[in-house]
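Asker: I need the structure of the sequence given here:
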Amino acid sequence: MTDSISNNSRPVPTDLSPRKALEKAAAKAGGFAGAITTAPSSEAEIAASRSAAADRGAEVPGFKKITERLKKEPEFDRAKVDSIRQAIQNGQYPLNPRRIAESFVALENLIAQ
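Answerer: Residues are numbered from 1 along each chain as shown. Okay, the predicted model is just below:
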């Protein structure tokens, strides 16, 4: 099998056992792990979503470590995110073209190394 993106003749891994294991665990938990869902909007929906995710993921190896790490992460400021989103939509968010360009140059330098 070849890599269809770059058309190189390098072999593409065909071992699907990790994916099958993930799908099997997701099916046991009551859903497909790769399913697309809409983001919860209210605090109650977020709490319910977290609780449901904890119930579904309890059987996944390493899940407790991940949830402990997430609990240590600070909550984001929804009001600040909404105000930035509104400013972007209104065309009032300040952009610095020079800073953006410098960031791209720095990123390209990291990639080139």
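Asker: okay, and for this protein, where does confidence drop off?
Answerer: In the predicted model, the chain carries pLDDT under 70 at residues 1-19, 29-41, 53-59.
Asker: Tell me how many other residues surround residue 22.
Answerer: 14 (other CB atoms under 10 Å). The way it works is simple: take the backbone N, C-alpha and C, and place the C-beta from them, glycine included.
Asker: That one and residue 28, how far apart?
Answerer: For residue 22, the distance to residue 28 (CB to CB, to the nearest Å) stands at 11 Å.
Asker: Residue 99 too?
Answerer: 48 Å.
Asker: need the helices for the chain, in chain order.
Answerer: Using DSSP state H, the helices found in the chain span residues 17-29, 43-57, 63-72, 78-90, 97-112.
Asker: Packing partners of the third one?
Answerer: Which is helix 63-72. Under the contact criterion of 3 or more CB pairs under 8 Å, 6 or more residues apart in numbering; DSSP states H and E, helix 63-72 touches helix 43-57.
Asker: Pull stretch 73-89 out as PDB, backbone CA atoms only.
Answerer: The C-alpha trace of stretch 73-89 is given here as PDB (Å, rounded to 0.1, in the frame of the first residue of the first chain):
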ATOM      1  CA  GLU A  73      -6.100  22.900  34.800                       C
ATOM      2  CA  PRO A  74      -7.700  26.300  35.500                       C
ATOM      3  CA  GLU A  75     -11.200  26.900  34.100                       C
ATOM      4  CA  PHE A  76     -11.400  29.300  31.200                       C
ATOM      5  CA  ASP A  77     -13.100  32.600  31.400                       C
ATOM      6  CA  ARG A  78     -16.200  32.200  29.200                       C
ATOM      7  CA  ALA A  79     -17.000  35.900  29.400                       C
ATOM      8  CA  LYS A  80     -13.600  36.900  28.100                       C
ATOM      9  CA  VAL A  81     -13.800  34.300  25.300                       C
ATOM     10  CA  ASP A  82     -17.300  35.700  24.300                       C
ATOM     11  CA  SER A  83     -16.000  39.300  24.400                       C
ATOM     12  CA  ILE A  84     -13.100  38.400  22.100                       C
ATOM     13  CA  ARG A  85     -15.400  36.500  19.800                       C
ATOM     14  CA  GLN A  86     -17.700  39.500  19.600                       C
ATOM     15  CA  ALA A  87     -14.800  41.900  18.900                       C
ATOM     16  CA  ILE A  88     -13.600  39.700  16.100                       C
ATOM     17  CA  GLN A  89     -17.000  39.500  14.600                       C
END
